[in-house]
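Novice: Sequence first, then the predicted structure:
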Amino acid sequence: MTHAEKGAERGTRARVARLILEHGPINAAALGERLGLTPAAVRRHLDALLAEGMIEPRMTRPRGQRGRGRPAKLFVITDAGRSAFEHAYDGLAGSALRFLAERVGEEAVADFARSQMSGLVGRLEPVMREVPPDQRVRMLAEALTADGYAASATQAKSGGEQLCQHHCPVAHVAAEFPQLCEAETEAFGELLGTPVQRLATIAHGDGVCTTHVSPRALASQRNAPVNPRRSASVDTSDGSDVTISTSRKAIESKETGR
């Protein structure tokens, strides 16, 4: 091979690895369709990535298939493959945050994390105001992908949407300092204008960072003001007042028999 051909080969192999990172588990046929490669070319790149330890196979049977037939072979990225996409200086960042925590305190780390995410919020807030609410999760996913997080947005089966980040440039640091993930989740909620819940993180050993985004209609119902004429004030043990809707209380009593 010439130098140009070798460069093109490495570039295609990197694209194969990137697709597996973003869309895995994925089979060889789907990779070929997305990249316009022949089955032989896909197999060549997959074999090379397997030999390098960048990816690994998983066997799964198609839905509805029992017993007979060969299980389908899917490919996923390995920890080594994920590390190849790392661009952050994990060691330096971790040392800096440990120094900050020791000298100033853990709250300083949380403040730092929030200040970092304020840049994302400030950059995207004007854009989000111009986008219809039902397009905001997709827009956020595109912005995160541009920042190296390989993000995607899908509809959640339980309602609402799911924001998935298939790559995290600071995963190793976030494993030691969860304040980074917490600040990111807060920023997502602020940008989307609806409650969000982090379900999984790469930093904690999950394959994907997954955030559930509540439907805006449900969020509006939760934030609706309570009619003061149909509510009761209850004193809690700490002396604070909690307003409880008496109509809702009556429903709960009817359902439970209490």
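Specialist: All right, it came through fine.

Novice: Past the lengthiest helix in the chain, which element shows up next along the chain?
Specialist: For the chain, the helix reaching the highest residue count under DSSP state H is reported as helix 106-130. Counting by DSSP states H and E, the next helix or strand C-terminal to helix 106-130 is helix 136-146.

Novice: sorry, back to before: quick check: angle from the longest helix of the chain to helix 136-146?
Specialist: Put simply, helix 106-130 runs at 120 degrees to helix 136-146, going by axes from the mean of the first three to the mean of the last three Cα atoms, to 10 degrees.

Novice: Kindly provide the whole-number mean pLDDT of helix 106-130.
Specialist: In this model, helix 106-130 has a mean pLDDT of 93.

Novice: next one: stretch 142-154
Specialist: Confidence for stretch 142-154, expressed as mean pLDDT, is 89.

Novice: which other residues reach it?
Specialist: Contacts to stretch 142-154, defined as Cβ atoms under 8 Å, 6 or more residues apart in numbering, come from residues 18, 21-22, 85, 87, 120, 123-124, 127, 137-138, 140-141, 161-169, 209. Just so you know, the C-beta spots here come from the backbone N, C-alpha and C atoms, and that holds for glycine as well.

Novice: rerun at 10 Å
Specialist: Taking contacts as Cβ atoms under 10 Å, 6 or more residues apart in numbering, the residues outside stretch 142-154 that touch it are 18-19, 21-23, 85-88, 120, 123-124, 127-128, 135-141, 161-170, 184, 188, 191, 202, 208-211, 213.

Novice: what about that stretch, start to end distance?
Specialist: With Cα to Cα, to the nearest Å as the measure, the first residue of stretch 142-154 is 12 Å from its last.

Novice: And stretch 149-160, by the same measure?
Specialist: The first and last residues of stretch 149-160 sit 21 Å apart, counting by Cα to Cα.

Novice: that older thread, list buried residues within the contacts of stretch 142-154.
Specialist: A residue is treated as buried here by neighbour count (16 or more other Cβ atoms under 10 Å); on that basis the buried members of the contacts of stretch 142-154 are 18-19, 21-22, 85, 120, 124, 128, 136-141, 161-170, 184, 188, 191, 202, 208-211, 213.

Novice: So which of the residues you listed are in helices?
Specialist: Of the buried ones among the contacts of stretch 142-154, the ones assigned to helices by DSSP H are 18-19, 21-22, 120, 124, 128, 136-141, 184, 188, 191.

Novice: ok, which pair from the residues you listed is furthest apart?
Specialist: For these, the farthest-apart pair by Cβ to Cβ is L19 and M128; their separation is 28.2 Å.

Novice: Under the pLDDT cut-off, which ranges of this structure? List them.
Specialist: 1-7, 61-71, 86-91, 217-258 (pLDDT under 70).

Novice: same thing but at 80, please
Specialist: Across the chain, the ranges flagged by pLDDT under 80 are 1-11, 60-72, 83-92, 216-258.

Novice: Tell me where it has strands.
Specialist: Under the criterion DSSP state E, the chain contains strands at 55-60, 72-77, 151-155, 161-165, 196-200, 209-213, 231-235, 241-245.

Novice: closest one to A101 among these?
Specialist: Each of the strands of the chain was scored for nearness to A101 using Cβ to Cβ, and the closest is strand 196-200 (21.6 Å).

Novice: Run through the residues that contact E130.
Specialist: The contact partners of E130, taken as Cβ under 10 Å, 6+ apart, are M139.

Novice: make that A40, sorry
Specialist: If a contact means Cβ under 10 Å, 6+ apart, then A40 has G32 as its contacts.

Novice: Then V104?
Specialist: Contact partners of V104, counting by Cβ under 10 Å, 6+ apart, are D111, F112.

Novice: cool, and H204?
Specialist: Under the criterion of Cβ under 10 Å, 6+ apart, the contact partners of H204 comprise A171, A174, A175, P178, C181, R198.
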